[in-house]
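Peer 1: Build me a model:
(chains A, B and C)
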Amino acid sequence: MLTLLPSNQTVMQRAPVVKQVYPGITQQQQQLQQHILHTTDAGHHESAILEPALSNFPPAGHIATTTQAAPDTSKLKKPCNCTKSQCLKLYCDCFANGEFCSNCNCQNCFNNLEHEDERQKAVKQCLERNPQAFHPKIGKGAKADARRHQKGCNCKRSGCLKNYCECYEAKIPCGSICKCVGCKNSEGVDGHRSLMSLADAADLRHSQLNTASSKSLYEQKSRTPLSLSPHHFLKKCTIEAIANCLILQCKEAETAKCNDSTTEKVILEEFGRCLSELIHVSSSMK
DNA sequence: GAGTTTGAAACT
DNA sequence: CAGTTTCAAACTC
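Peer 2: A predicted model of the protein is given here:
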């Protein structure tokens, strides 16, 4: 019943790090970009090399691999609601992600082809202020499964347990680079961070129960879908979270060089703890 | 849906 | 670089 993930894949890795392809540029520019991308560390953005060459381009177009066609962002992208920034500041998620606004609810939007000049100026301004401005905020940590926020968060009042926190939003624990106050999103000493995902899934279900009728299709699709039917509670994200807890426990047992029976015991105990947590959160929302 | 809170980004 | 303001998203009622 439980579909265990490969040990090198965690719930924390839902957003893959991919090469970015810049839209609206000439073939020659694209070739230059591809050359630069291929001569740098695959999957990472090397600012010192990229920026001088790409500073005249839209910052970081549709997220796409170099071998795939760009996705239809009108279906995948979350629409922005900017009113004052003209979608030319990093406040605007579309702009910050290097995308043109499309199907957004923004007002006086300049983040489109019709205002390319203004857009280029804004891009340049942002890059002058911060050369890393258009780089992904979530980078890769030292371990393959340890994604980290590049700048760290500065949360003060949310305990880093709300989506205001960029780390929490990205489903990664806060790290030493963060300057947050009263953080409750640190990686637990026992390494049971995946329970956070479990709680998140339960939280999501709770909010969906309350707002399912009023949410747009996009909003419902943008998060992991959980059916409203109680017997459908164990959706993929929840199962993944539990599986990751078990895998972590297994790894810890391996590290501690436990024998088979002890390993089996701690995994079963962990499974029991997960189920108990699941029952607790599901019963508390009735 | 309106109003409030929050923290990143921008500005001084 | 620190403090303040602006902004849009998240959240609450």
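Peer 1: mind giving me the domain ranges of chain A?
Peer 2: A:18-129, A:137-187, A:194-284 (automatic domain parsing).
Peer 1: number of nearby residues for A:Gly272?
Peer 2: For A:Gly272, the neighbour count with other Cβ atoms under 10 Å is 10. Bear in mind the C-beta positions are built from the backbone N, C-alpha and C, glycine included.
Peer 1: so A:Lys89 touches A:Phe95, yeah?
Peer 2: Yes: A:Lys89 lies in contact with A:Phe95 (Cβ atoms under 8 Å); the separation is 6.7 Å.
Peer 1: quick one, which of those two is more surrounded?
Peer 2: Legend: neighbour count by other Cβ under 10 Å for A:Lys89 and A:Phe95, higher for A:Phe95 (30 against 15).
Peer 1: Can you name the residues of the stretch 51-200 of chain A that neighbour DNA strand B?
Peer 2: A:89-91, A:96, A:125-126, A:129-130, A:133, A:137, A:151, A:153-158, A:160, A:162, A:164-166 (Cβ under 7 Å from any atom of the strand).
Peer 1: Mutual contacts of A:Lys89 and A:Phe95, please.
Peer 2: Shared contacts of A:Lys89 and A:Phe95 (Cβ atoms under 8 Å, 6 or more residues apart in numbering): A:Ala122.
Peer 1: hang on, the earlier thing: filter the residues of the stretch 51-200 of chain A next to DNA strand B down to the buried ones.
Peer 2: By neighbour count, with 16 or more other Cβ atoms under 10 Å, these hold A:Leu90, A:Ala96, A:Cys126, A:Ala133, A:Lys137, A:Cys153, A:Cys155, A:Ser158, A:Cys160, A:Cys165, A:Glu166 as buried.
Peer 1: I figured the fourth one hits A:Gln125, correct?
Peer 2: Which is A:Ala133. No: A:Ala133 is beyond contact range of A:Gln125, at 9.4 Å (criterion: Cβ under 8 Å).
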